[in-house]
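**Student:** Here is my input; please provide its structure:
(2 chains)
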Amino acid sequence: GAVVSQHPSRVICKSGTSVKIECRSLDFQATTMFWYRQFPKQSLMLMATSNEGSKATYEQGVEKDKFLINHASLTLSTLTVTSAHPEDSSFYICSARNPRLAKNIQYFGAGTRLSVL
Amino acid sequence: ELKVEQNPLFLSMQEGKNYTIYCNYSTTSDRLYWYRQDPGKSLESLFVLLSNGAVKQEGRLMASLDTKARLSTLHITAAVHDLSATYFCAVPRTTFGNEKLTFGTGTRLTIIP
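**Tutor:** Model prediction:
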């Protein structure tokens, strides 16, 4: 298996501030991590793919200057929501794939609930 | 563009009954994943279906995949309250060597005692 840790689990911030969310693979090295957003009672939407040592690739409609992704090591990817506004309030979930496991399963973090006041 | 639809979106069923959740997808894929999400929580992997005709069972849940019909089913046998959750199927698409997931709309399952 694989364990993915996400921190913080909950954050409340004022409009205009920036928030950083961390995603760590605890027992494996992940060259690729994924960031998803989930609005209440909706499905998960892929925001971006985080690649270690290179730029993240963003899905259509996701502002890369708004959602900064850094994948500086094989076990850590960060998502920074810059100048957050109430419409950015959502549940953000990261996932990582263990390249040593053949099934390509993505293991998910516990999620971060962001509330922007 | 890959679309993944689940049916039904909401399901309320009595304990002890059987039911099936359907997942249809719009483009070719030879694998599919099922996840469970409890309220306020992240996703738990349930099944990985890797080929046409694959069938996996775990407890009261059984998942199958028909790649020709682009259809997967999640069958619930003799439902119990603990199975109340939202269930998602997810279909992978490979872009530049990375397998990305497109999630279905989700099925919110409520088991009534």
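**Student:** got any ranges where the chain has weak pLDDT?
**Tutor:** Going with chain A. A:1-2, A:102-103 (pLDDT under 70).
**Student:** um, chain B though
**Tutor:** Looking at chain B by pLDDT under 70, you get B:95-97.
**Student:** Quick one: name the residues of it near chain A.
**Tutor:** Chain B comes close to chain A at residues B:31, B:33, B:35, B:40-45, B:48, B:50, B:88, B:92, B:95-96, B:98-106, B:108, as judged by CB under 8 Å from any CB of the partner chain. All C-beta atoms are positioned from the backbone trio N, CA, C, and that covers glycine.
**Student:** and those, which are buried?
**Tutor:** Buried by 16 or more other CB atoms under 10 Å in any protein chain shown: B:31, B:33, B:35, B:42-43, B:45, B:48, B:88, B:92, B:98-106, B:108, out of those.
**Student:** which ones are touching the closest residue to residue A:87 other than its chain neighbours?
**Tutor:** Among residues not flanking residue A:87 along the chain, residue A:116 sits closest, at 7.9 Å (CB to CB, 6 or more residues apart in numbering or on different chains). The contact partners of residue A:116, taken as CB atoms under 8 Å, 6 or more residues apart in numbering or on different chains, are A:12, A:13, A:14, A:15, A:84, A:85, A:86, A:87, A:88, A:89.
**Student:** Buried ones among those?
**Tutor:** Buried, going by 16+ other CB under 10 Å: A:13, A:84, A:88, A:89, out of the contacts of residue A:116.
**Student:** quick one: which of those is nearest to chain B?
**Tutor:** The closest of the buried ones among the contacts of residue A:116 to chain B turns out to be residue A:89 (CB to the nearest CB; 14.4 Å).
**Student:** can you give me the strands in the chain?
**Tutor:** This is for chain A. For chain A, the strands defined by DSSP state E occupy A:4-7, A:10-13, A:19-25, A:32-38, A:44-51, A:57-58, A:67-73, A:76-81, A:90-97, A:106-108, A:112-116.
**Student:** wrong chain, I was asking about chain B
**Tutor:** Using DSSP E, strands in chain B cover B:4-7, B:10-14, B:19-25, B:32-37, B:43-49, B:55-58, B:61-66, B:71-76, B:85-95, B:98-103, B:107-112.
**Student:** what lines up beside the last one in the sheet?
**Tutor:** For strand B:107-112, sheet partners with direction are given as strand B:10-14 (parallel), strand B:85-95 (antiparallel), following DSSP bridges.
**Student:** which one of those is the most hemmed in?
**Tutor:** Across these, averaging neighbours per residue (mean count of other CB atoms under 10 Å in any protein chain shown) puts strand B:85-95 on top, at a mean of 20.
**Student:** Residues in contact with it: which ones?
**Tutor:** By CB under 8 Å, 6+ apart, strand B:85-95 touches A:43-44, A:49, A:57, A:104, B:2, B:4, B:6, B:21, B:23, B:25, B:27, B:29, B:31-39, B:43, B:46, B:72, B:74, B:99-104, B:106-109.
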